[in-house]
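Student: When you get a sec, could you give me coordinates for this:
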Amino acid sequence: MRIVVIGGSGLIGTNVVNRLRQKGHAVVAASPKSGVNAVTGEGLAAAFAGTTVVVDVANAPSFEDKAVLDFFQASARNLGAAEAEAGVRHHLALSVVGADRLPRSGYLRAKLAQETLIKASGIPYSILRATQFFEFIGRIAEAGAQDGVIRLSPALLQPIAADDVAAALADLAVGPPLNGTVEIAGPDASPLDTLARKVLCAQGDKREVIADIHARYFGTELDDRSLTPGADPRLGPTRFEDWLSRAAAQ
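Tutor: Numbering: from 1, shown residues only. Okay, the predicted model is just below:
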C-alpha cells in the first residue's frame, strides 16, 4: 500500500513512517523540506499519485490565533482537493482531545476547524484525537513560568506517550476509514501541576510549581473535563512514571 505521511519528519510523523515501512508499505515522508507543502499546495499532486492513504500529523509553526487557524484551514482544504484528484481512499488526521470543548483556545479552535473541513471533504476519513503527550509536559510547564515560579492549572490530564499515539495511527492507517472520530489517552489521569513537578524534578529544575485554577492553557482556563477523554477511549500502554524513568536515564 502506498501511504503519504504529511508532517513525516516530525516527532509523530517519523515514528509512523518507520512503523509503516516495517510492515512493508511504500511510505512517503512528506514535508516542506521534501518539497511537499500542504499550506501552499506545492508538491501534493505528485506526492499523491497512486496513493491509497494520507496520514496528516503536521503541526502549525505558530500558535498565534490567526496563524494557526490559517495553517490548519489551508492545509485541510489543499489536502482534500489533492486527495480527490488523486483518488485517495482514506484520510487519517491527528487531532486533540477536547478540541470541541475549549472554544477560547485559538489552537483548539483551529484543530476543530480542521476536523470540520476533513468531514466535509468527501474523502473517507478517520480522526484520532489524542491527549497531551508526555514529551510536551515540560514545554507546557515552561509556558506557565513567570517571575521565577511556574503557575499551572491543577485540572486533570490523561497524557500519553508519543510512541503510543504513533502506534495507534499506524494501525488506523492500514484499516478501513472510520468516517468518525476515536480518542486515545494514557492509562492514568493526574493533575497538570503534579505532572509538571515530576518532570521538572527529573530534570533537576528546582522552580516552584504553584497550582492556580485560573492559570491558562493555550489561552483558556481548564477543569477536570476539559482535556480528558470521554467514555471508552483507546488507552496507550505506557505509564507516565515508566516513561519518565526512561527519559531521565537517557
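
Student: Quickly note the distance from residue 228 to residue 50.
Tutor: In this structure, residue 228 lies at 40 Å from residue 50, with Cβ to Cβ, to the nearest Å as the measure. Bear in mind the C-beta positions are built from the backbone N, C-alpha and C, glycine included.

Student: Between these two, tell me which one has more neighbours.
Tutor: Neighbours around residue 228 and residue 50, counted as other Cβ atoms under 10 Å, are more numerous at residue 228. The numbers are 21 against 11.

Student: could you show me where the strands are in the chain, in order?
Tutor: Secondary structure of the chain (DSSP state E): strands located at 2-6, 26-30, 53-56, 90-96, 125-130, 145-146, 149-152, 156-157, 180-185, 190-191, 209-211, 234-235.

Student: which of these sits most buried?
Tutor: Comparing the strands of the chain by mean neighbour count (mean count of other Cβ atoms under 10 Å), strand 53-56 ranks first with a mean of 28.

Student: Regarding the chain, what is its longest helix?
Tutor: For the chain, the helix reaching the highest residue count under DSSP state H is reported as helix 65-86.

Student: residues making contact with that one?
Tutor: Surrounding helix 65-86, the residues in contact under the criterion Cβ atoms under 8 Å, 6 or more residues apart in numbering are 6, 38-41, 44-45, 48-51, 54, 56, 58, 60-62, 88, 91, 106-107, 109-111, 113-114, 117-118, 121-123, 219.

Student: Now with 7 Å, please.
Tutor: Applying Cβ atoms under 7 Å, 6 or more residues apart in numbering, the contact partners of helix 65-86 are 6, 38-39, 41, 44-45, 48-49, 51, 54, 56, 58, 60, 62, 91, 106-107, 109-111, 113-114, 117-118, 121-123.

Student: Please enumerate the helices of the protein.
Tutor: With helices called from DSSP H, the chain shows them at 11-22, 44-48, 65-86, 106-120, 137-143, 162-173, 192-202, 240-249.

Student: Going by neighbour count, which residues in the third one are buried?
Tutor: Neighbour-count burial for helix 65-86 flags 68-80, 82-83, 86 (criterion: 16 or more other Cβ atoms under 10 Å).

Student: shouldn't residue 4 be in contact with residue 30?
Tutor: Yes: Residue 4 is within contact range of residue 30, at 5.3 Å (criterion: Cβ atoms under 7 Å).

Student: anything in contact with each of the two?
Tutor: Common contacts of residue 4 and residue 30 (Cβ under 7 Å, 6+ apart): residue 47.

Student: Tell me the spacing between the residue nearest to residue 221 when sequence neighbours are not counted and residue 152.
Tutor: In this structure, residue 221 finds its nearest non-sequential neighbour in residue 214, 6.0 Å apart by Cβ to Cβ, 6 or more residues apart in numbering. Applying Cβ to Cβ, the value for residue 214 to residue 152 is 11 Å.

Student: and what of residue 37?
Tutor: Here the distance between residue 37 and residue 152 works out to 35 Å (Cβ to Cβ).

Student: pLDDT score for the most far-flung residue of the chain relative to its centre?
Tutor: Within the chain, residue 147 marks the point farthest from the mean C-alpha position, 30.1 Å out by Cα atoms, centre = their mean. At residue 147, the model reports a pLDDT of 91.
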